[in-house]
Every structure is written in structure tokens, then in C-alpha cells.
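> Sequence unavailable; structure follows:
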């Protein structure tokens, strides 16, 4: 039975949280059917594999009271796929791709070559471990503690090369692309994802220099950095889940309807779509219906749910729920303005405004206005009395 330290327990909690959010993102990816989101999920899964591997090494080290080296933590051939997949993910987001290109075989071939080099039979150093616990010798061999310095240099060079290539690609693309609201949000995400890779590269370089150049207890750095890195990736996953519109490829916002071979389809104006649905919702007060949701609105307007989502997000709304609440809150404020709360309760106000639950109405109202419904009503009453 392996023992877990306090930091390892925290690390395990972060891994479980990361896995939970990534699972939710996976189901969103299935609906969107985009190669970019599949690649991102694979990237996140590889990172989870790395976290679990680090946790395993740490718990084994704690159990045997042994500090494993930096190479034990860092030596995994699968880690070489991360910079390659990151580059392919970014490219698929900014271009109209539904599958990998034939030229991507060169990237995969590079990965296979490096993976082969990693598993070459390098000279063993385990003769020096004969006086140690046989279990420690086994785990050192299992975690591949023998790769030479050029392997670490290759890892760093590969990451740096793909980071530079990604940066050039992003800068070139966004320099000539229209900067709409939604495209700006995707741009912000892609650069944040790139900076996360830069941060990981810096950590890798620091580890390599310390381990290869100095006699230092690497476990101290590993224990602290693994928590930081886990928090970083958990934050990225949560941000993406809370802003699912980012998971659409940028061409969806530029031209939501594809072209065919017989002729180009007319370019859809997301502004016109938004204007149509906004007027329809306002005129018919659709938000008061208990079944009001994206599918309901699609049926009422005859517009595809994906186009509705794109049009709404282009106006700066995080999701459909946020958009729907703007109508309901406007209705609630209008009712308060005519003295609704003088004769009716908060529950009645919530129901009359289209909210399904009073507690949700109360929370959202306070978040948006900075006041409770009662405080808002009192302010309105005071304003009227001061005027008279």
C-alpha cells in the first residue's frame, strides 16, 4: 500500500477535477465533430497521463523513502507528441479543416523517429544500484532513468521550434483576419494556450539545467511545480468549458455555411440573424415560455441552432442562458418600475419574468444590478419621491 503525502493528495484532487472537466469537454466535442476539438482532447488526455505518471512516481518514492531523479519524472516518449499536436490543433482552429492533411504525416513521422530514439538501448547505469532495494532498481528501470543529455536537448528544441512556428502562424493569420467579437475571443484563447506551452517549456529548461548541472534535490521543485502546472491546465479546461463558443473553428464565424462545388453559398450575416431572433423574442415575449431554450428558439425562427449560437456569441454573450436572462431581467425591472412588488411577492415577480426558480432569479438579479429586487424597488421609489 503506497502512502500519499499532503501535496500528492492535493495533486490527486486536481487530476480528478481536470479529468471531470475534460470528460465534459469530450461530450461537447462529439456534438461539434471538429478535428481541432478531438486534437485538444487528446492533448488534455496526454497531460492527464503525465500527471498520473508523476503522481505514481511520487507515491512510490514516498513509500520507499527514495527521491527519484528528474529523468524519471520527465522521460516519457509520449511527451514528444504534445508540441506537435498543439501545433496541429491551433492550425485546425484557424483554418477550415475537418480532417488532418496528408502533409501531417511528416509531423507524425518526426514523432515516431524521436520515439524510436528514446527507446534505443542506452548504456545501463544500474550496476551502481546493486546495494539498493531491488524494488528501487526495478522502478528506476521501469521509469527509464538512462537517457543521455541529447534526448533532453531534443525535447527542448522540438518544443521551442513548434512554439515559434505556432506564434508565426497565429500572427500571420490574425494580421489579415477581421477582428469580430467572437474571433477576438478565440484569438485570446489560442494565445493563452500558446503561453501555457511556453511556461511548460521554461519549467522543462529549468529542470534540465538544475538536474544536469547541479547536485540538487529535484523533488522539492517537482512537488511545487506539479501543483502549479495542474492548476494551469485545470484553469484552461474550465475556461474552455465555460466559453464553449471558442470550440467552434474560426471559419465558422467568418462564413458559417460551407461552399459547394457548383458555386459559392451566400455569406451569412450573423448581425442579421441576431437582429431577427432578437426582434422575434422581444415581440412575442418567447422568454416567458417555460420551454424557452436554444432548440425552442430554433423551431420558432427556423434558424439552425449552431447559427443561433454563433450570432448570439458574436454579440458578446457567453452562452444562450446569459442571453436569455437579459430579456427576463429587463422584464423584471420593468415590472418593478410600475410597482409590481407593492402588491406581489418576489416569487411572483420571478415567475412573471420567466425565471423557473426564485433563487436563480434572486442571484442573477443581484449579480447584474448589484442590488436585490427589494433594494432596486426602494431606489426606484425614492427616485420618484425626490422628483415629486
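Noted; the coordinates are in hand. Predicted model only: the values in this text are computed from it and were never measured.
> pull the longest helix from this structure.
If you go by DSSP state H, the chain has its longest helix at helix 181-213.
> which of the residues in that helix are buried?
Buried residues in helix 181-213, counting neighbours by 16 or more other C-beta atoms under 10 Å, are found at 182-183, 185-187, 189-191, 193-194, 196-197, 200-201, 203-204, 207-208, 211. Bear in mind the C-beta positions are built from the backbone N, C-alpha and C, glycine included.
> likewise stretch 154-165?
Of the residues in stretch 154-165, those buried (16+ other C-beta under 10 Å) are 154, 155, 158, 159, 160, 162, 163.
> In TSV: the residues you listed, plus pLDDT.
Output for those, formatted as TSV (pLDDT from 0 to 100):
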residue	pLDDT
154	83
155	82
158	89
159	91
160	94
162	94
163	94
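> Residue 103: which of those residues is nearest?
When the buried residues of stretch 154-165 are ranked by distance to residue 103 (C-beta to C-beta), residue 162 comes first, at 14.9 Å.
> Nearest residue to the closest one in space, please, no chain neighbours.
Counting by C-beta to C-beta, 6 or more residues apart in numbering, residue 162 lies nearest to residue 83, which is 3.9 Å off, once chain neighbours are set aside.
> Am I right that that neighbour is in contact with residue 157?
No. Between residue 83 and residue 157 there is no contact under C-beta atoms under 8 Å: 10.0 Å.
> Domain map for this protein?
Listed domain ranges for the chain are 6-254, 270-387 (source: automatic domain parsing).
> By mean pLDDT, show me the worst of the ones you listed.
If the domains of the chain are sorted by mean pLDDT, domain 6-254 sits at the bottom with a mean of 80.
> need the helices for the stretch 151-300 of the chain, in chain order.
Read by DSSP state H, counting those that start in this stretch, the stretch 151-300 of the chain holds these helices, from start to end of the chain: 181-213, 218-242, 250-254, 270-284, 294-301.
> The stretch 1-150 of the chain now?
The residue ranges that make up the helices of the stretch 1-150 of the chain, judged by DSSP H, counting those that start in this stretch, are 6-32, 35-64, 70-74, 81-94, 104-118, 134-142, 149-175.
> wait, which of those is closest to residue 336?
Put simply, out of those the one that sits nearest residue 336 is helix 6-32, at 36.6 Å, with distance taken as C-beta to C-beta.
> Check which helices and strands that closest one sits against.
Based on contacts counted as 3 or more C-beta pairs under 8 Å, 6 or more residues apart in numbering; DSSP states H and E, the elements that helix 6-32 packs against are helix 35-64, helix 218-242.
> Pick the most deeply packed of those helices.
Among the helices and strands packed on helix 6-32, judged by mean count of other C-beta atoms under 10 Å, the one packed with the most neighbours on average is helix 35-64 (a mean of 19).
> chain center to that helix: distance?
Taking C-alpha atoms, centre = their mean, to the nearest Å, one finds helix 35-64 lying 16 Å from the centre of the chain it belongs to.
> Run through the neighbouring helices and strands of that helix.
helix 6-32, helix 70-74, helix 81-94, helix 134-142, helix 218-242.
> List just the one of the helices and strands packed on helix 6-32 that sits closest to residue 333.
Ranking the helices and strands packed on helix 6-32 by proximity to residue 333 (C-beta to C-beta) places helix 218-242 first, at 26.0 Å.
> what angle sits between that closest one and helix 181-213?
Comparing the axes of helix 218-242 and helix 181-213 via axes from the mean of the first three to the mean of the last three C-alpha atoms, to 10 degrees yields an angle of 170 degrees.
> tell me the angle helix 218-242 makes with helix 35-64.
Comparing the axes of helix 218-242 and helix 35-64 via the same axes, to 10 degrees yields an angle of 150 degrees.
> Now do helix 218-242: which elements does it pack against?
For helix 218-242, the elements it packs on are helix 6-32, helix 35-64, helix 70-74, helix 181-213, judged by 3+ C-beta pairs under 8 Å, 6+ apart.
> Distance to residue 242 added to these, as JSON lines?
As requested, those are arranged in JSON lines below (distance: least, C-beta to C-beta, whole Å):
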{"stretch": "helix 6-32", "distance to residue 242": "10"}
{"stretch": "helix 35-64", "distance to residue 242": "15"}
{"stretch": "helix 70-74", "distance to residue 242": "31"}
{"stretch": "helix 181-213", "distance to residue 242": "12"}
